[in-house]
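>>> What follows is a predicted protein model with its sequence.
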Amino acid sequence: MEIHGKVLVVEDNDTNRQFLNEYVEAIGHTPVLAENGLRALQLMRSERPDVVLLDMMMPEMNGDEVLELMKADPALRDIPVVMISAVNEADTVVSCIQKGADDYLTKPFNSNLLKARISGCLAKKLLIDEREHYRRELEAYNLTLEDRVREQVREISLAQMATIFAIAKIAESRDEDTGEHLERMREYAKIVAEELSKLKKYEDLIDSTFVVNLYSASPLHDIGKVGIPDRILLKPGKLTPEEFDIVKLHPTIGAETLRGIQEQYPGNKFVNMGIEIAESHHEKWDGSGYPKRLAGEEIPLVGRIIALGDVYDALVTQRCYKRAFLHEEARGIILDGRGRHFDPDIVDIFAALEDRFLEIRRTFQDRPKKVIV
C-alpha cells in the first residue's frame, strides 16, 4: 500500500529547497517548505508534518539544534526526521541517530534513496499514529469503564446503605416512640462533623469520607437493642436498677453483632465506624458512662458526636413516660453537660448550630402522640 503524507523540507539553500519541493511533490506527497530552523519549528506545530527532511548546516540554528528541540518537545518528538548534509562521515551519522534522527542522507541527492527514506519514515509515522490512536481509544475506554464501575459501586453502596438503614429502622421500630429518630440522628451527626472539620484540631481526622460514613453508620447506634427484651425496652414506667443494667448491655450487643460482619470485611471503614458508634455512644466525657467507662478523648470521636445528638433528640422527643422538652430546656441541659457528659468542642458546635438542629427537628417530625402531662 502506497502511503502519502506531508513532508516538511528544511533547507536554507534556495536551489536545494526548490529541488526537494518538486521531487516530494512528484512522488505524490505534500511538501511544506522552511528556509531555516526557527521557521521549521513553527511549521511543525501548525502544519503537523508526517516527515521532516532536515538540513544539517544552516545559519542561526543548525539541524542538530532543531533535532534536539524536537526530541525535547512531547508534541514533536514522534515526527520522523531524515538528516541531510554534504558531510558523509560515520561520526556525524552516529551522532544524529543517537540524538533521535531516523535516517541520514548526503548531498547530492540520490532520488531512489531519497524516495526510500521518505517512504520508510512515512510507514513509521503511520505506525506511531495508529499506536497513539489506540492508546487514546484505550484511555477513553478505561475512563468510561472507570465511570461505569464507579457508578455501579455507587449504586451498590447506596443499596447497601439503604439496606443497613432499613435493618436499623426495623430494630428501632420495636419502640414506636422513636419515630423519625434515625433520620434526625444522621442529620445531627453530619452537621456537627462538617463544622468540627473546620477546626484545626480535627482537620486531619475529619474528611468527606469520614462525614459520609458517619452519616450512613449513625443509624446503627442502637442496633444492639434487638437483644433487649420487650418487657424492658417497652416498659412505660421507670426501670428498676436490674432492668437498667440489662438495657446498658445494648452497646456491647450492637458492637459484637457488627464485629461479626467485620470478620468478613476486615479493614472496612464503614463497619469499623459502626462498631465504634454502637459501643461508645453512651460513654461520658467525665468517665461515668457505659459500657467501658471511657473518659475524654479515649472515647472515639464518632461516639462523642452521636452522644450529643442522641441525648438532644431524646430530650425534645415525647416518650410514653415523659413529655417532649422545649428546645430551650434541652439546650440548657446540653450546655450544663459540657465537660461532664459531653465533649466541650461538640457542645460549642451545638450552641453555634442550634438553629440547624431545630430545622432538622422540624423537617423530620414524628407522628402526633397523646400529650403527656
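That came in fine, so what should we check first?

>>> low-confidence ranges in the stretch 101-250 of the chain?
For the stretch 101-250 of the chain, applying pLDDT under 70 flags the ranges 145-146, 148-179.

>>> what about the helices in it?
111-173, 181-196, 208-217, 230-233, 241-247, 250-264 (DSSP state H, counting those that start in this stretch).

>>> Which of those has the highest mean neighbour count?
Neighbour counts (mean count of other Cβ atoms under 10 Å) averaged over each of the helices of the stretch 101-250 of the chain peak at helix 181-196, with a mean of 22. All C-beta spots, glycine's among them, are computed from the backbone N, C-alpha and C.

>>> who does it touch, helix- and strand-wise?
helix 111-173, helix 208-217, helix 301-316, helix 344-352, helix 354-363 (3 or more Cβ pairs under 8 Å, 6 or more residues apart in numbering; DSSP states H and E).

>>> that older thread, could you export the helices of the stretch 101-250 of the chain as CSV, including distance to Tyr312?
Converted to CSV, the helices of the stretch 101-250 of the chain look like this (distance: least, Cβ to Cβ, whole Å):
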stretch, distance to Tyr312
helix 111-173, 17
helix 181-196, 7
helix 208-217, 16
helix 230-233, 21
helix 241-247, 19
helix 250-264, 18
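
>>> Tell me if I'm right that Val24 and Arg117 touch.
No. The pair Val24 / Arg117 is not scored as a contact, 11.5 Å apart, by Cβ atoms under 8 Å.

>>> low-confidence ranges in the stretch 251-373 of the chain?
Short version for the stretch 251-373 of the chain, where the test is pLDDT under 70: 320-321, 366-373.

>>> Could you give me the buried positions within stretch 17-28?
For stretch 17-28, a neighbour-count test (16 or more other Cβ atoms under 10 Å) marks 17, 19-21, 23-24 as buried.

>>> just so I know, which of the helices of the stretch 101-250 of the chain lies nearest Gly63?
helix 111-173 (15.1 Å; Cβ to Cβ).

>>> Now distance to Phe270 too, for the helices and strands packed on helix 181-196, in TSV please.
Shown next, in TSV, are the helices and strands packed on helix 181-196 (distance: least, Cβ to Cβ, whole Å):
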stretch	distance to Phe270
helix 111-173	9
helix 208-217	5
helix 301-316	11
helix 344-352	22
helix 354-363	22
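
>>> wait, which of the ones you listed is closest to Lys225?
helix 111-173 (6.0 Å).

>>> quick one on the thing from earlier: taking the buried residues of stretch 17-28 one by one, which sit in helices?
Counting by DSSP state H, the buried residues of stretch 17-28 place 17, 19-21, 23-24 in helices.

>>> Between those residues, which sits nearest Ile206?
Ranked by distance to Ile206 (Cβ to Cβ), those are led by Val24 at 65.7 Å.

>>> Got the phi and psi for the closest residue to the closest one other than its chain neighbours?
Nearest non-adjacent residue to Val24, counting by Cβ to Cβ, 6 or more residues apart in numbering: Pro31, 4.1 Å away. With angles defined as degrees, to the nearest 10, Pro31 sits at phi -80, psi 150.

>>> what about Pro31, how many neighbours?
18 (other Cβ atoms under 10 Å).

>>> Wait, it touches Val7, no?
Yes. Using Cβ under 8 Å, Pro31 makes contact with Val7 at a distance of 5.6 Å.

>>> and for the two, which residues touch both?
Taking Cβ atoms under 8 Å, 6 or more residues apart in numbering as the criterion, Pro31 and Val7 both touch Val24.

>>> Phi first, then psi, for Val7.
phi -120, psi 120.

>>> Next up, the contacts around Val87.
Contacts of Val87 by Cβ under 8 Å, 6+ apart are 56-57, 106.

>>> actually Asp103, not the one I wrote
Going by Cβ under 8 Å, 6+ apart, Asp103 touches 80-83, 117, 120-121.

>>> Would you check that His250 makes contact with Gly227?
Yes. Counting by Cβ under 8 Å, His250 touches Gly227, with 6.6 Å between them.

>>> Now do the same for Met83: helix, strand or coil?
strand (DSSP: H, G, I helix; E, B strand; the rest coil).

>>> didn't it look like it was pressed against Tyr104?
Yes. Between Met83 and Tyr104 there is a contact under Cβ under 8 Å: 4.9 Å.

>>> Quickly list what's touching both of the two.
Cys96.

>>> ok, the two, which is more surrounded?
For Met83 and Tyr104, the more surrounded residue by other Cβ under 10 Å is Met83, and the numbers stand at 25 against 20.

>>> Look up which residues are beta-bridged to that one.
Beta-bridge partners for Met83, by DSSP bridges, are Leu54, Tyr104.

>>> Tell me who's in contact with Ala86.
57, 106-107.

>>> got the phi/psi numbers for it?
Backbone torsions of Ala86, given as degrees, to the nearest 10, read phi -80, psi -10.

>>> Next one: it from Asp55, what distance?
Note on Ala86: its distance to Asp55, by Cβ to Cβ, to the nearest Å, is 9 Å.

>>> Which of the helices of the stretch 101-250 of the chain sits closest to Val271?
helix 250-264 (5.0 Å).

>>> With just CA atoms, put the closest one into CSV.
Output of helix 250-264 as CSV, limited to C-alpha atoms (Å, rounded to 0.1, in the frame of the first residue of the first chain):
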residue,chain,number,x,y,z
HIS,A,250,-27.2,-2.9,74.1
PRO,A,251,-23.9,-1.0,73.1
THR,A,252,-22.0,-4.2,73.6
ILE,A,253,-24.6,-6.3,71.8
GLY,A,254,-24.6,-3.9,68.9
ALA,A,255,-20.8,-3.8,68.7
GLU,A,256,-20.4,-7.6,68.9
THR,A,257,-23.0,-8.0,66.1
LEU,A,258,-21.1,-5.7,63.9
ARG,A,259,-17.8,-7.4,64.7
GLY,A,260,-19.2,-10.5,63.1
ILE,A,261,-19.5,-8.5,59.9
GLN,A,262,-16.0,-7.0,60.4
GLU,A,263,-14.6,-10.5,60.4
GLN,A,264,-15.9,-10.9,56.8
